[in-house]
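> no sequence on this one, just coordinates:
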Ligand SMILES: C[S@@+](CC[C@H](N)C(=O)[O-])C[C@H]1O[C@@H](n2cnc3c(N)ncnc32)[C@H](O)[C@@H]1O
């Protein structure tokens with residue numbers, strides 16, 4: 001999320017529910033995608049650990065690795081979680097993901113990457129998934145045409161200001177946190193790198209959630 005960085009770091013959780021429609025419900029929806037024993041999960045852009053907490057609280061054995069480039073967020077995550085998980089500070093694009101995973105999961109993190117980077121990243125994710133593994137992602141998207149782009153931005157602006165966020169701050173978030181991909185671009189990139197089993201889990205406003213794997 002963009003805006004005044006220091007202010008955001010300190011108040012991320014409080015702010016996010018005012019910025020993202022249905023944030024808490026969407027985090028629960030994502031978490032449900034990992035309900036299986038002995039899961040190995042990799043989270044890209046773990047932020048302040050809200051999704052990780054939801055997933056590891058589902059009371060089964062889980063091996064959880066979270067990556068984020070922001071050390072302040074990683075400290076918040078570490079203090080928030082009851083269970084010890086592996087936290088790695090680094091850039092998703094450059095870090096070696098290592099292991100095979102059952103789930104690679106991400107939320108509100110990949111929307112700044114251009115198409116070339118996204119495709120490289122999707123391929124990297126596919127390579128570390130085991131044969132039945134899934135890539136689950138909640139992403140901010142833009143509309144498919146100018147009219148749709150403007151409508152989604154207006155709706156987002158209205159949502160944030162209704163929640164009491166300052167108009168200038170809201171405009172700054174929309175400007176800096178602009179989404180690069182449309183839903184169709186994301187789906188094409190997934191197919192291009194070989195994902196064949198793609199389920200759309202949620203599609204509303206400028207939010208898009210999918211689960212992708214490879215058909216057996
Ligand atoms: C809007 S926050 C989302 C945090 C969390 N996933 C959530 O849903 O609340 C985006 C997160 O991605 C991280 N991030 C952005 N680009 C990154 C990159 N290239 N490598 C690692 N982390 C990145 C940021 O530091 C931030 O924690």
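Noted; the coordinates are in hand. In this text the structure is predicted, and so the values were computed from the model without any measurement.
> can you pull the contacts of residue 186?
With contact set as Cβ atoms under 8 Å, 6 or more residues apart in numbering, residue 186 has these partners: 118, 139, 141, 208, 210. C-betas here are computed from N, CA, C, even on glycine.
> Which one of the residues you listed is nearest to residue 70?
residue 139 (18.5 Å; Cβ to Cβ).
> Read off the pLDDT value for the residue of the chain found nearest the ligand.
Distance from the ligand to each residue of the chain (Cβ to the nearest ligand atom) is smallest for residue 47, at 2.5 Å. At residue 47 the predicted local distance difference test score is 96.
> And for it, nearest residue in space, chain neighbours not counted?
Distances taken as Cβ to Cβ, 6 or more residues apart in numbering place residue 73 nearest to residue 47, at 5.0 Å, with adjacent residues excluded.
> got it, and residue 80?
The spatial neighbour of residue 80 that comes closest, neighbours along the chain excluded (Cβ to Cβ, 6+ apart), is residue 49 at 4.7 Å.
> Name the residue closest to the centre of this protein, please.
Residue closest to the average C-alpha location in the chain (Cα atoms, centre = their mean): residue 107, at 1.4 Å.
> Spell out the secondary structure type for the closest residue to it other than its chain neighbours.
Nearest residue to residue 107 in three dimensions, chain neighbours excluded: residue 138, at 4.3 Å (Cβ to Cβ, 6+ apart). Put simply, residue 138 is strand when judged by DSSP: H, G, I helix; E, B strand; the rest coil.
> if I pick residue 138, what's in contact with it?
Contacts for residue 138 were tallied using Cβ under 8 Å, 6+ apart; they are 26, 30, 106, 107, 108, 202, 207, 208, 209.
> Just the pLDDT for it.
Confidence for residue 138, expressed as pLDDT, is 97.
> same deal with residue 104?
Looking at residue 104, its pLDDT reads 98.
> do the one helix or strand the residue nearest to residue 47 maps to and the ligand meet at all?
In this assignment (DSSP states H and E), residue 73 forms part of helix 71-80. Yes. Counting by Cβ under 6 Å from any ligand atom, contacts between helix 71-80 and the ligand involve residue 73.
> again, but for stretch 104-112
Yes. Applying Cβ under 6 Å from any ligand atom, one finds that stretch 104-112 is in contact with the ligand at 107, 108, 109.
> Now do the end-to-end distance for that stretch.
In terms of Cα to Cα, to the nearest Å, the two terminal residues of stretch 104-112 are separated by 18 Å.
> tell me which residues in it are buried?
By neighbour count on 16 or more other Cβ atoms under 10 Å, the buried set for stretch 104-112 is 104, 105, 106, 107, 108, 109, 110, 111.
> do stretch 146-156 as well
Using 16+ other Cβ under 10 Å as the test for burial, stretch 146-156 gives 149, 152, 153, 156.
> and if you look at stretch 76-94?
Across stretch 76-94, burial judged by 16+ other Cβ under 10 Å covers 76, 77, 81, 85, 87, 88, 92.
> lowest confidence element among the helices and strands of the protein?
Of the helices and strands making up the chain, the lowest-confidence element is helix 5-19, at a mean of 81, by mean pLDDT, DSSP states H and E.
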